[in-house]
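Undergrad: Predicted model follows, preceded by the sequence.
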Amino acid sequence: MRVAKETVVGIEYTLKDDQGNIIDASGDRGPMEYLHGAQNIIPGLEQGVEGLEVGDTKNVLVPPNLGYGEYSDKLLQRVPIEHFGANTPQVGMRFHAETNLGMRVLTIKQIEGTEVVLDGNHALAGKTLHFDIKVASVRAAELTELSHGHPHQSGGCCGGGGCGSGESSSEGGCCSTGEASEGGCCSSEEGASASCCSSEQPAAEAKSGGCGNGGCGCSN
Ligand SMILES: [Zn+2]
């Protein structure tokens, strides 16, 4: 079976930047599963996998516009340091915040005197991504997976447990996007991952897929 719309695909991958530094890899986590054609993963990677079969390997080059977007200075903002209250801000810290673009993951880029510079760009915004991928599995998606827009593992949503009322509460339809168990729902903290970003995340994201390693989609 070839990778096409409405297939659930597992891929092993290593993601490198232009300098060849490894940014992320499926490694010990095992293949990342996603529902093809459902915008679970960045468009450039999805296009690269299209038509492959189990065992195929490929180098996929993803420019920023098909990855996590271009870096935008408009996503930088300054806030007074007092906003952090008792929490001492540190460069590199990340947190969720409501912005005029909705919930986003913000990173503290700089601290200048009494001001903190927050960066709403995705960690991989503006970067050209080099994926080495290997297709580990391809299967037809089940109807529930198609209706949820993401793959299911262990026979159910979010690793078999089902989502209960959480189902409708997140955009991707599955549990909370904050949940970070392996193979579970997406952690929005994982900015560097090819597999997972969240609707809150800047630049790249907008779509949260839901369950599975490959669950959360990244595109906007
Ligand atoms: Zn589901």
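TA: Yep, that arrived. Residues are numbered from 1 along each chain as shown.
Undergrad: And the worst-scoring helix or strand of the chain on mean pLDDT, what's buried?
TA: The weakest-scoring helix or strand in the chain, judged by mean pLDDT, DSSP states H and E, is strand 94-99 (a mean of 84). For strand 94-99, burial by neighbour count (16 or more other Cβ atoms under 10 Å) applies to 94, 96. For the C-beta atoms, the positions are set from N, CA and C on the backbone; glycine is no exception.
Undergrad: So which residues of the chain form strands?
TA: With strands called from DSSP state E, the chain shows them at 7-16, 22-25, 32-35, 57-62, 76-80, 94-99, 102-112, 115-119, 129-140.
Undergrad: Highest mean neighbour count out of these?
TA: Mean neighbour count (mean count of other Cβ atoms under 10 Å) peaks for strand 32-35 among these, with a mean of 28.
Undergrad: Could you list every helix and strand in contact with it?
TA: Judged by 3 or more Cβ pairs under 8 Å, 6 or more residues apart in numbering; DSSP states H and E, strand 32-35 is in contact with strand 7-16.
Undergrad: The strand it packs on pairs with which strands, and in what direction?
TA: strand 22-25 (antiparallel), strand 32-35 (antiparallel), strand 129-140 (antiparallel) (DSSP bridges).
Undergrad: Next, the angle from the longest one to strand 57-62.
TA: In this case it means strand 129-140. 120 degrees (axes from the mean of the first three to the mean of the last three Cα atoms, to 10 degrees).
Undergrad: Make JSON lines from the strands paired with strand 7-16 and add distance to residue 7 and mean pLDDT to it.
TA: Output for the strands paired with strand 7-16, formatted as JSON lines (distance: least, Cβ to Cβ, whole Å; pLDDT from 0 to 100):
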{"stretch": "strand 22-25", "distance to residue 7": "23", "mean pLDDT": "95"}
{"stretch": "strand 32-35", "distance to residue 7": "8", "mean pLDDT": "96"}
{"stretch": "strand 129-140", "distance to residue 7": "5", "mean pLDDT": "98"}
